[in-house]
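Peer 1: compute the structure for the input listed below.
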Amino acid sequence: MGIVSLLRDLDILGKVVSAVLGGLITLAVFFITKRHQSKSNFQNYRSTKVYDRQINAIIDLHKMLTWLHEDMVDMTLVSRLSWSSQEETEKEQKERAEKEEIERKTKVIDSYLALQKHYLDNSILLPKETADKVESLIIRYKANYLSYRFEKDRGDKSEQLNKLRAIGEDVQKAKTILDQLREDFRRFTGAEKMDDLLK
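Peer 2: Numbering: from 1, shown residues only. Model prediction:
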């Protein structure tokens, strides 16, 4: 009886081990299939028009932000190298300087309006955190532009130079946010997992 009992117990143990191993194999196959499906879903997403539109919107947004930043830096420079010919009178120099100032302000306005329109048209395509950074940067540039215009148009020269320098410095500090956005854009465009896009 002992041997029969032992063989019966071994048979039951074999069936248990077989069932456990079968379950583990099924579970492993399930996870491998799910992982493959997830990669496949991400690849399908990347091939959609929405993804293409997101990538194009981000590339254009980065370009426009960079242009606006450069135009703002150029406009807010306090000291500027000035050239003049010996035949140019002081009045002509002043008129030329005013004309160049108007051109710089116009470039900023054009860059700002193009960026604002593009952002409003495409903000829904951006991750929320990135969209918030872009919006704060747009607001910051607008505030600096208005402050600059106010100070430039004021007649009081005593404090004007210090305030213009402070505006220029704030524009330079905005480069930090622009650099953070550049990294956000790189992370987004180089995303390898669907979860990376949703962060």
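
Peer 1: quick one: contacts for residue 145?
Peer 2: Neighbour list for residue 145: 72, 75, 108, 109, 112 [criterion: C-beta atoms under 8 Å, 6 or more residues apart in numbering]. Placement of C-beta: from N, CA and C, glycine included.

Peer 1: if you set the cut-off to 6 Å instead, what comes out?
Peer 2: Contact partners of residue 145, counting by C-beta atoms under 6 Å, 6 or more residues apart in numbering, are residue 108.

Peer 1: do the same with the one 3 residues further on
Peer 2: Residue 148 makes contact with 76, 167 under the criterion C-beta under 6 Å, 6+ apart.

Peer 1: in which helix or strand would I find it?
Peer 2: Taking DSSP states H and E as the criterion, residue 148 maps to helix 128-153.

Peer 1: so which elements touch the following helix or strand past that helix?
Peer 2: On the C-terminal side of helix 128-153, the nearest following helix or strand under DSSP H and E is helix 160-189. Packing partners of helix 160-189 (3 or more C-beta pairs under 6 Å, 6 or more residues apart in numbering; DSSP states H and E): helix 49-76, helix 128-153.

Peer 1: same thing but at 10 Å, please
Peer 2: Counting contacts by 3 or more C-beta pairs under 10 Å, 6 or more residues apart in numbering; DSSP states H and E, helix 160-189 is packed against helix 49-76, helix 128-153, helix 194-198.

Peer 1: what angle sits between the longest one and helix 160-189?
Peer 2: This means helix 49-76. Interaxial angle of helix 49-76 relative to helix 160-189 (axes from the mean of the first three to the mean of the last three C-alpha atoms, to 10 degrees): 160 degrees.

Peer 1: mean pLDDT lowest for which of the helices and strands packed on helix 160-189?
Peer 2: Of all those, mean pLDDT reaches its minimum on helix 194-198 (a mean of 44).

Peer 1: pLDDT weak spots in the protein?
Peer 2: 1-14, 16-17, 19-21, 34-47, 80-85, 155-156, 191-199 (pLDDT under 70).

Peer 1: does residue 109 touch residue 71 like I think?
Peer 2: Yes. Assessed by C-beta atoms under 10 Å, residue 109 is found in contact with residue 71 at 9.0 Å.

Peer 1: between these two, who's got more neighbours?
Peer 2: Between residue 109 and residue 71, counted using other C-beta atoms under 10 Å, the more crowded position is residue 71 (22 against 13).
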